[in-house]
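*Asks:* predicted coordinates and the sequence they were generated for:
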Amino acid sequence: MPPNEDDVGPLWPELPYAAWKDTYATLHLWTQIVGKIRLKQTPWLNHSWHVVLYLWPRGLTTSSIPYGDRTFQLDFDFLDHVLRASTSDGGQKEIRLVPRSVAEFYADLMRSLSELGIEVRINELPNEILDAIRFSEDHIHASYDRDFAQRFWRVLVQSERVLSRFRTSFIGKCSPVHFFWGSFDLAVTRFSGRRAPPLPAGESVPNLPEEVVRDAYSHEVSSAGFWPGGQGIDYPAFYSYASPAPPGFSSAMTRPSQAFWSRDLNEYILPYDVVRTADNPDEVLMEFLTATYDAAASAGNWDRAALECRIGVPGKPRPVP
């Protein structure tokens, strides 16, 4: 018998930033270590799509990572609260997710991989974080609250479900729905098909090579996703932005009414609690995703007739005129 809401908690649980920010900070760094291992072993793919993590039914996963003629995989399991390392020749190790320093987690993971016959050396400096500390030297971040880590994952599960449905109405180039460990957000990105002008001089991301940023924004995009907060937005939120932002995009009429343009972040923001507390959260989130994309595509003069289609329906092939 499947579990009910009383067993697993609300589908869209509360995720107050202040209550879990220490766990958030530690988990962010743990995912960076795991993500950098995938980065080190995986051939470069456009827009850094090769470095991301994906949702799976128990947490976040790297998916299969090449290692010579073998493969391995790293899975965050937020039900059993372990990081599981598995290899294609049957090896497996588990690292407990408990309150422990980033340095201890890093050492334990590297030791476990070595015992599985996998030797990987990564750049230990975290990306996209100010005042970054090398993983092996970080004894400051050491928090892990099982309940909040699981709540965060459950928000990602529901968000991915809606973002994936939104993605089906676009036949142009579009990213998967994936999790970027650098910025710690779930995202899906649509492309107009046109190259973007070079980014303005001085536009950079902390501890991220300039060539990575240039590759990420080499073409015009409309991107949306979920982010647990920070940088002056001390609450979880859904976001949507265009790069480069076309004239008039920031002043477009968007929906729902609680969505707003953040001058500090240069993107539209919809507080997560607006979605969580709605009678129909899926509908409210889809409204935000659709309205902000409409604003970006209209203001940017995208060839919408060539790029868009009906939203997908399970089991029914897309009708082609």
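*Replies:* On my side now, so go ahead.
*Asks:* output the below-cut-off pLDDT ranges for the stretch 1-150 of the chain.
*Replies:* For the stretch 1-150 of the chain, applying pLDDT under 70 flags the ranges 1-8.
*Asks:* what helices or strands is the lengthiest strand in the chain leaning on?
*Replies:* For the chain, the longest strand by residue count, based on DSSP state E, is strand 185-195. Using 3 or more C-beta pairs under 8 Å, 6 or more residues apart in numbering; DSSP states H and E as the contact definition, the elements that strand 185-195 packs against are helix 146-167, strand 178-180, strand 219-227, helix 304-307. Quick note: C-beta positions are derived from backbone N, CA and C, even for glycine.
*Asks:* just the CA trace of that strand, in PDB.
*Replies:* What follows is strand 185-195, C-alpha atoms only, in PDB (Å, rounded to 0.1, in the frame of the first residue of the first chain):
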ATOM      1  CA  ASP A 185      19.100  25.300  -7.700                       C
ATOM      2  CA  LEU A 186      16.800  23.100  -9.900                       C
ATOM      3  CA  ALA A 187      16.600  24.600 -13.400                       C
ATOM      4  CA  VAL A 188      15.200  24.100 -16.900                       C
ATOM      5  CA  THR A 189      16.400  26.400 -19.700                       C
ATOM      6  CA  ARG A 190      14.900  27.100 -23.100                       C
ATOM      7  CA  PHE A 191      16.900  28.500 -26.000                       C
ATOM      8  CA  SER A 192      15.800  30.900 -28.800                       C
ATOM      9  CA  GLY A 193      18.300  29.300 -31.300                       C
ATOM     10  CA  ARG A 194      20.300  32.500 -31.600                       C
ATOM     11  CA  ARG A 195      23.800  33.300 -30.300                       C
END
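*Asks:* mind listing the helices for this structure?
*Replies:* For the chain, applying DSSP state H gives helices covering 5-8, 17-41, 102-115, 146-167, 210-216, 272-276, 281-299, 304-307.
*Asks:* possible to save those as a markdown table with distance to residue 238 and mean neighbour count?
*Replies:* As requested, the helices of the chain are arranged in a markdown table below (distance: least, C-beta to C-beta, whole Å; neighbours: other C-beta atoms under 10 Å):
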| stretch | distance to residue 238 | mean neighbour count |
| --- | --- | --- |
| helix 5-8 | 22 | 9 |
| helix 17-41 | 14 | 20 |
| helix 102-115 | 28 | 18 |
| helix 146-167 | 7 | 20 |
| helix 210-216 | 20 | 14 |
| helix 272-276 | 7 | 21 |
| helix 281-299 | 6 | 20 |
| helix 304-307 | 22 | 12 |
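*Asks:* looking at those, which is closest to residue 73?
*Replies:* Taking C-beta to C-beta, helix 17-41 is the member of these nearest to residue 73, at 9.4 Å.
*Asks:* quick check, distance from the closest one to the centre of its chain.
*Replies:* Mean-position distance between helix 17-41 and its chain equals 11 Å (C-alpha atoms, centre = their mean, to the nearest Å).
*Asks:* can I get the helices and strands packed on strand 185-195 in JSON lines with distance to residue 191?
*Replies:* Formatted as JSON lines, those follow (distance: least, C-beta to C-beta, whole Å):
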{"stretch": "helix 146-167", "distance to residue 191": "12"}
{"stretch": "strand 178-180", "distance to residue 191": "15"}
{"stretch": "strand 219-227", "distance to residue 191": "5"}
{"stretch": "helix 304-307", "distance to residue 191": "9"}
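*Asks:* out of these, nearest to residue 47?
*Replies:* strand 219-227 (8.3 Å).
*Asks:* what helices or strands is that closest one leaning on?
*Replies:* helix 146-167, strand 185-195, strand 237-243, helix 281-299.
*Asks:* which outside residues touch it?
*Replies:* With contacts defined as C-beta atoms under 8 Å, 6 or more residues apart in numbering, strand 219-227 is touched by 155-156, 159, 163, 166, 173, 183-196, 233, 236-244, 272, 288-289, 292-293, 296-297, 300, 302.
*Asks:* mind checking how far that strand is from the chain centre?
*Replies:* Centre to centre, stretch against its chain (C-alpha atoms, centre = their mean), the figure for strand 219-227 is 11 Å.
*Asks:* quick one: mean pLDDT for that strand?
*Replies:* Averaged over strand 219-227, pLDDT sits at 98.
*Asks:* ok and that strand relative to strand 185-195, angle-wise?
*Replies:* Using axes from the mean of the first three to the mean of the last three C-alpha atoms, to 10 degrees, one finds that strand 219-227 and strand 185-195 are set 170 degrees apart in direction.
*Asks:* now the angle from strand 219-227 to helix 146-167?
*Replies:* Using the same axes, to 10 degrees: strand 219-227 against helix 146-167 is 140 degrees.
*Asks:* buried residues in stretch 71-91, which are they?
*Replies:* By neighbour count with 16 or more other C-beta atoms under 10 Å, stretch 71-91 contains the buried residues 72-78, 81-87, 91.
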